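Student: quick check, what structure comes out for this input:
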Amino acid sequence: MEPSRILVVRTDRLGDVVLTLPVFNALRRCFPGAHLAMLVGSYAGEIVEGCAGVDEILRYDHAGGPVPFLVMMERLRAGRFDAAVIVHPTPRLALLAFFSRIPVRVGTGYRYYSLLFNRRVYTHRKTAMRHEVEYNMGLLAPLGCTAEPARPLDVPLDIPPEARERAATLLRDAGVSGRFAVIHPGSGGSAREWPLENFGLLARRIAREMHLPVVVTGSAGESSRAEEVARTAAGGGTNLAGRLSLKELAALLAKASLLIANSTGPLHVGVAVGTPVVGLYPQIPVMGPRRWGPYTDNARVLVPDRPPDCDECTGRSGTPCACMASITVESAYAAAADLLASSMITERQHTHEM
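Tutor: Okay, the predicted model is just below:
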């Protein structure tokens, strides 16, 4: 019997959520009449609002913490879901699905709490042999739904007119008109990061040699770091960190000619809205581009030429890393220039064909 009410569970970060959204395209093709819902964190949930194919959004957290277990359980029971796909499992999420009496519960078979799932998928994501999008799609097989994800990333993000107008106003107030590049130097601690000084020097070269103004983005907590990048750009950069909602960020990226970023959620938002992207990734497989890279051919990816077990990085993710610093400003500039030229040729060909 086909499921009629399906819950997709992904409660972690922005990029993870964006890379899960193609699951809804596959579910809609397999079960065209089904009600499709997503359990998601409040922050990342903003980007899901209005997405075609997502019929309902349930918020996993409230006021800075998870919704109390019993309250969340009652909400899930009220949803009368007959199948749940737990994309990024935790013990709490597994227990919620079990005690919410969802009949079909799909999840990994490799956790100690996997006995709470009755449809198990035996795939080790830590080996990073496939892209995250492909791992996510693989979880649909127990439902009898098999599909290859579209490339480039097929995520119909909804960007409301007011978000587009707000982004346009901020650009206009900053004196940015026409073509521009975006640099997103943070990662929210989710990845090894390229040095801020390098981002600033790259922004300076892009502004002076490509004649593209550079907009620096980030969260409110990354505003001072974004300002450092803009300052190093010596007049070539505008800091908008902390001034954009996720929808407004998507609107800004949709207008940009180029995005340069670490491995981070906004990079995947950029891919979703069709922006050419340059991604800077560590060589560590579990963090690397094979699993987390931009899911498009309209991209360039730079990785340190260092062994995966290199111990030159200090601390953990989000801290200074000699391996990432070994990616030169020159190589990043060359990648950006090549991508921009390629994208402009493609754009002209498309315009000519029309």
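Student: what about the helices in the stretch 101-250 of the chain?
Tutor: In the stretch 101-250 of the chain, the segments counted as helices under DSSP state H, counting those that start in this stretch are 132-138, 161-173, 196-209, 223-232, 246-255.
Student: mean neighbour count, distance to Ala272 and mean pLDDT added to the ones you listed, as a markdown table?
Tutor: Glycine gets a C-beta too; all of them are placed from N, C-alpha and C. Shown next, in a markdown table, are these (neighbours: other Cβ atoms under 10 Å; distance: least, Cβ to Cβ, whole Å; pLDDT from 0 to 100):
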| stretch | mean neighbour count | distance to Ala272 | mean pLDDT |
| --- | --- | --- | --- |
| helix 132-138 | 21 | 11 | 97 |
| helix 161-173 | 15 | 14 | 97 |
| helix 196-209 | 21 | 22 | 96 |
| helix 223-232 | 19 | 22 | 94 |
| helix 246-255 | 24 | 8 | 98 |
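Student: quick one: closest of these to Asp61.
Tutor: Each of the helices of the stretch 101-250 of the chain has some distance to Asp61 by Cβ to Cβ; the shortest is helix 246-255, at 15.5 Å.
Student: could you list the low-pLDDT ranges of this structure?
Tutor: Residues of the chain meeting the criterion pLDDT under 70: 314-320, 345-354.
Student: domain map for it?
Tutor: Following automatic domain parsing, one finds the domains of the chain at 5-143, 161-353.
Student: of these, give the one that comes closest to Arg151.
Tutor: Judging the domains of the chain by Cβ to Cβ, what sits closest to Arg151 is domain 161-353, at 6.0 Å.
Student: and the closest one, how far out from the chain middle?
Tutor: 13 Å (Cα atoms, centre = their mean, to the nearest Å).
Student: redo the helices of the stretch 101-250 of the chain as TSV? Include distance to Arg28.
Tutor: Listed next are these as TSV, based on distance: least, Cβ to Cβ, whole Å:
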stretch	distance to Arg28
helix 132-138	13
helix 161-173	25
helix 196-209	39
helix 223-232	38
helix 246-255	21
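Student: mind checking which of these is nearest Pro276?
Tutor: Checking those against Pro276 by Cβ to Cβ gives helix 246-255 as the closest, at 10.5 Å.
Student: follow-up on the earlier one: include distance to Asp154 when you put the domains of the chain into TSV, please.
Tutor: Below are these laid out as TSV (distance: least, Cβ to Cβ, whole Å):
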stretch	distance to Asp154
domain 5-143	6
domain 161-353	8
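Student: so Phe24 touches Val54, yeah?
Tutor: Yes: counting by Cβ atoms under 8 Å, Phe24 does reach Val54; the two are 5.6 Å apart.
Student: so between those two, which is more surrounded?
Tutor: Phe24 (23 against 20; other Cβ atoms under 10 Å).
Student: list the contacts of the more buried one.
Tutor: Val8, Leu36, Met38, Cys51, Gly53, Val54 (Cβ atoms under 8 Å, 6 or more residues apart in numbering).
Student: do you know how far the last one is from Thr146?
Tutor: By that I understand Val54. 21 Å (Cβ to Cβ, to the nearest Å).
Student: Met324 is nearest to which of the helices of the stretch 101-250 of the chain?
Tutor: Closest approach to Met324 among these (Cβ to Cβ): helix 196-209, 8.8 Å.
Student: what sits up against that closest one?
Tutor: 181, 183, 185, 212-214, 216, 225, 228-237, 258, 260, 325, 327, 329, 332-333, 336.
Student: do that again at 6 Å, thanks
Tutor: Outside helix 196-209, the residues within contact range by Cβ atoms under 6 Å, 6 or more residues apart in numbering are 181, 183, 185, 212, 214, 225, 228-229, 232-234, 236-237, 329, 332-333.
Student: out of the residues you listed, which comes closest to Met129?
Tutor: Ranked by distance to Met129 (Cβ to Cβ), the contacts of helix 196-209 are led by Ala332 at 27.2 Å.
Student: my read: Ile102 touches Ile86, true?
Tutor: No: using Cβ atoms under 6 Å, Ile102 is not in contact with Ile86; the gap is 9.8 Å.
Student: and Glu330, how many neighbours does it have?
Tutor: By other Cβ under 10 Å, the residues close to Glu330 number 11.
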